[in-house]
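**Q** make a model of this:
(one chain, ligands or ions: 2)
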Amino acid sequence: MTDLPVIAVAGAAGRMGQMLIHVIRDSGQARLGGLLVRPGHDWAGRDPGEAMGGSALGIVASDDPARALAGADAVIDFTSPDSSLEFAALAAERGFVHVIGTTGFSESQLAGLQDHAQRAVMIRAGNMSLGVNLLAGLVQRVAAALDEDFDIEVIEAHHNRKVDAPSGTALMLGEAAAKGRGVPLAEVSDRARDGHTGARRRGDIGFAVVRGGDIVGEHDVMFAGKGERLVLSHVATDRAIFARGALRAALWGLGRPPGEYDMTDVLGL
Ligand SMILES: NC(=O)C1=CN([C@@H]2O[C@H](COP(=O)(O)OP(=O)(O)OC[C@H]3O[C@@H](n4cnc5c(N)ncnc54)[C@H](OP(=O)(O)O)[C@@H]3O)[C@@H](O)[C@H]2O)C=CC1
Ligand SMILES: O=C(O)C1=N[C@H](C(=O)O)C[C@H](O)C1
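**A** Ligands and ions are numbered 1, 2, ... in the order given. As a prediction, this is how the structure comes out:
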């Protein structure tokens, strides 16, 4: 028990944080370490087991990153872009493996993460599930096989509490499609359609966003041609798929050289 790696959870009170607590505890592969919550959160200074509807965890949550993450071999972080950047700096200083599931980073925040990853193992993916990472490979292959007579559209749907759009997964799938086509996504991405937009530009990769209810995460990549459409889809029905992927990433990262990795590295895809 004691020689199991210690994994801390940043954003422990969130939807993914609570799922991670269950998945890590039940895994038998790691020991749940610190639980970091947002400054001033009412879990700070308390064992959150009962608040989660179960028995005590034997761990007191903290809103102090230095304290909550002390002694962790790896930290799994599903929080917000600003917070993940802060924890990446701490990972670079302390040397823990940093698994980042957070989405919605700006280009300058991504550059900041890249900088910190020179000094620690950072594994980041807009989607930690096996299915979506396999889907990205398929999207790349199909995009490479079909020419621009096929319009590519990425359609995503999520719950009504999601704060970023398009989703990290949609952007990942858009990147895969652009890679298949051999073009930078930034040059062909069409993310804003409203009003008199004019006709679709040939070769663009479009994004459409749905928000509602408790949808866990659904993604379609449509290749729309003349007389036929090909649609590749992934539907998540349980957040445990992301948490299991993140735990697998944390364990994979232990002992690796510093650098930025993603789930294709972890899954060997
Ligand atoms: N890569 C993947 O596979 C997946 C990625 N995600 C991404 O993960 C992120 C979180 O998603 P989700 O769990 O649904 O969101 P939630 O809002 O439910 O959880 C985020 C948690 O982080 C907390 N938090 C924010 N800032 C800090 C901080 N500085 N220190 C400690 N805790 C902090 C929030 O606290 P409070 O609410 O009190 O502010 C909240 O409890 C999103 O970016 C989402 O897109 C989600 C699922 C899968
Ligand atoms: O916020 C979410 O919930 C999810 N976020 C990720 C994303 O932005 O793609 C992954 C998953 O779809 C759930």
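
**Q** surely residue 132 touches residue 169?
**A** Yes. Applying Cβ atoms under 8 Å, one finds residue 132 in contact with residue 169, separated by 5.6 Å. For every residue, glycine as well, the C-beta is placed using N, CA and C.

**Q** compare those two and say which is more crowded by neighbours.
**A** Between residue 132 and residue 169, counted using other Cβ atoms under 10 Å, residue 169 has the larger neighbour count: 27 against 24.

**Q** how much space between residue 147 and residue 153?
**A** From residue 147 across to residue 153, the span is 16 Å (Cβ to Cβ, to the nearest Å).

**Q** look at the two and report which has more neighbours.
**A** Taking other Cβ under 10 Å, residue 147 and residue 153 do not tie; residue 153 has more neighbours (20 against 10).

**Q** was I right about that one contacting residue 229?
**A** No. The criterion here is Cβ under 8 Å, and residue 153 misses it with residue 229 at 9.6 Å.

**Q** overlap in contacts of those two?
**A** residue 222 (Cβ atoms under 8 Å, 6 or more residues apart in numbering).

**Q** for whichever residue of the chain sits closest to ligand 2, give me phi and psi.
**A** Across the chain, the shortest distance to ligand 2 (Cβ to the nearest ligand atom) belongs to residue 217, at 2.8 Å. Phi and psi for residue 217, reported as degrees, to the nearest 10, are phi 160, psi 120.

**Q** can you give me the helices in the stretch 51-200 of the chain?
**A** 65-68, 81-94, 107-116, 130-145, 168-181, 185-188 (DSSP state H, counting those that start in this stretch).

**Q** now the ones you listed in JSON lines, with distance to residue 100 and mean pLDDT?
**A** Converted to JSON lines, the helices of the stretch 51-200 of the chain look like this (distance: least, Cβ to Cβ, whole Å; pLDDT from 0 to 100):
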{"stretch": "helix 65-68", "distance to residue 100": "14", "mean pLDDT": "95"}
{"stretch": "helix 81-94", "distance to residue 100": "5", "mean pLDDT": "98"}
{"stretch": "helix 107-116", "distance to residue 100": "7", "mean pLDDT": "98"}
{"stretch": "helix 130-145", "distance to residue 100": "15", "mean pLDDT": "98"}
{"stretch": "helix 168-181", "distance to residue 100": "10", "mean pLDDT": "98"}
{"stretch": "helix 185-188", "distance to residue 100": "20", "mean pLDDT": "98"}
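
**Q** with distance to residue 242 added, can I get the ones you listed in JSON lines?
**A** Formatted as JSON lines, the helices of the stretch 51-200 of the chain follow (distance: least, Cβ to Cβ, whole Å):
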{"stretch": "helix 65-68", "distance to residue 242": "21"}
{"stretch": "helix 81-94", "distance to residue 242": "15"}
{"stretch": "helix 107-116", "distance to residue 242": "19"}
{"stretch": "helix 130-145", "distance to residue 242": "9"}
{"stretch": "helix 168-181", "distance to residue 242": "10"}
{"stretch": "helix 185-188", "distance to residue 242": "23"}
